[in-house]
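Chemist: Got a predicted model here, sequence first, then my questions.
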Amino acid sequence: MIDGKVVVPPIKCQGIKTKLVPFIMQHIDRNEEGLWIEPFVGTGVVAFNVKPERALLVDKNQYIIKLYQGIQNGTITSKVVREFLEYHGALLEKRGAEYYIEMRNAFNDNGLPLYFLFLNRSDFNGMIRFNRSGKFNVPFCQKPNRFQKAYVTKICNQVEKVGEIIRGRDWTFKHGTWQDAFNDATEDDYIYLDPPYIGRDTSYVGEWSEDDAVSLANYAHKTTANVCLSMWRENEFRKNEHLYNFWSDFSWYDCEHFYHIGAKESNRHPMIEVLAIKK
Ligand SMILES: C[S@@+](CC[C@H](N)C(=O)[O-])C[C@H]1O[C@@H](n2cnc3c(N)ncnc32)[C@H](O)[C@@H]1O
């Protein structure tokens, strides 16, 4: 955070922790010399706010990783992003959904991070979802004039901001599996875990099974590093049995937040999220 303000990254995803950043930061107590490790870095919003000097940031989504590597090595700047979004945004305005699909097909052939950014910021709800063959398949947000000047400027400022944070530090972005991130962790390091939620966010790259969740709990218990897990605990309909079964020896800190189904105030639903931290 900068002056109490949360740094917001240029990409979005399901389960993004922007709203929970102050709560997470309040509970993290780490050795500043150690390595900050995120095996499920997603949009990077937690790292961008914690701002560790040294970090290993891993994700199975190679496009997120390529985007941040590009920002890190200076090939993707706010100027490059502006030119790309203005050019393709104008064509989107002219041709609407048909152009979105053309960009999506192009991305599914070329895998380029700027195309990924374009799709992520003009698709339905900023979702990230791939089909079984690894093809991005989120529909259009249905707003042809999506990339208006103010919106492009906002995205460019986000690229600029995260660029300043990344370039001033010793950070490694790595495309890989979460297990890779655990390999060299030592007792001085801090691992922040934000895995897909079992039974809730199954639309990420591949699936997240009960077996994966159990295996992650085993790694988290075996490593000598400090570990903090973000997980939902319960809503009005059900409890997360997995959390009670595999993480009950960690210290739990609760945070209640609300999500909406539709626009009505009566459709406001509470959800309890926890941080489970190794004792
Ligand atoms: C809940 S999101 C993380 C959100 C992130 N903390 C944020 O606020 O943006 C989970 C992430 O795990 C990644 N992921 C899913 N399965 C994975 C795996 N087997 N190995 C590494 N990353 C994986 C997804 O691509 C996704 O970015």
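Modeler: Cool, got the structure. Owing to the predicted nature of the structure, the values given are computational and were not obtained by experimental measurement. Numbering: from 1, shown residues only.

Chemist: What parts of the chain come near the ligand?
Modeler: When proximity is defined by CB under 6 Å from any ligand atom, the chain lies next to the ligand at 13, 15-17, 39-40, 42-43, 45-46, 59-61, 177-178, 194-196, 204-206, 208. All C-beta spots, glycine's among them, are computed from the backbone N, C-alpha and C.

Chemist: what's around the residue in the chain that the ligand sits nearest to, how many residues?
Modeler: Each residue of the chain has a distance to the ligand, by CB to the nearest ligand atom, and the smallest belongs to residue 42, at 2.7 Å. Around residue 42 there are 24 other residues, counting by other CB atoms under 10 Å.

Chemist: what's the answer for the one 10 residues further on, then?
Modeler: Applying the criterion other CB under 10 Å, we find 23 residues in the vicinity of residue 52.

Chemist: Give me the pLDDT value at it.
Modeler: Taken from the predicted model, the pLDDT recorded for residue 52 is 98.

Chemist: same check, this time on residue 213
Modeler: 95.

Chemist: got it, and residue 255?
Modeler: Looking at residue 255, its pLDDT stands at 94.

Chemist: And residue 107, by the same measure?
Modeler: pLDDT, the model's per-residue confidence, is 98 for residue 107.

Chemist: which residue sits closest to it in space, ignoring its chain neighbours?
Modeler: The shortest distance from residue 107 to any residue other than its chain neighbours is 3.8 Å, reached at residue 115 (CB to CB, 6 or more residues apart in numbering).

Chemist: these two touch, right, that neighbour and residue 109?
Modeler: No: the pair residue 115 / residue 109 is not scored as a contact, 9.4 Å apart, by CB atoms under 8 Å.

Chemist: Have a look at the two and say which one is more surrounded.
Modeler: In this view residue 115 and residue 109 are compared by other CB under 10 Å, and residue 115 has more residues nearby, 20 against 9.

Chemist: quick one: which helix or strand includes the more buried one?
Modeler: With secondary structure defined by DSSP states H and E, residue 115 is part of helix 113-120.

Chemist: Give the next helix or strand downstream of that helix.
Modeler: Proceeding C-terminally, helix 113-120 gives way to helix 149-167 as the next helix or strand, assigned by DSSP H and E.

Chemist: Against which helices or strands is that following helix packed?
Modeler: Counting contacts by 3 or more CB pairs under 8 Å, 6 or more residues apart in numbering; DSSP states H and E, the secondary-structure elements packed against helix 149-167 are helix 45-50, helix 62-73, helix 78-95.

Chemist: what sits up against the helix holding residue 115?
Modeler: When contacts are taken as CB atoms under 8 Å, 6 or more residues apart in numbering, the neighbours of helix 113-120 outside the stretch itself are 10-13, 63-64, 66-67, 70, 76, 80-81, 84-85, 88, 100, 103-104, 106-107, 126, 128, 136, 138, 155.

Chemist: which of the residues you listed are buried?
Modeler: Among those, those that count as buried by neighbour count (16 or more other CB atoms under 10 Å) are 10-13, 63-64, 66-67, 70, 76, 80-81, 84-85, 88, 100, 103-104, 107, 126, 128, 136, 138, 155.

Chemist: rewinding a little: buried deepest among the helices and strands packed on helix 149-167, which one?
Modeler: Burial of these is given as mean neighbour count (mean count of other CB atoms under 10 Å); helix 45-50 ranks first at a mean of 24.
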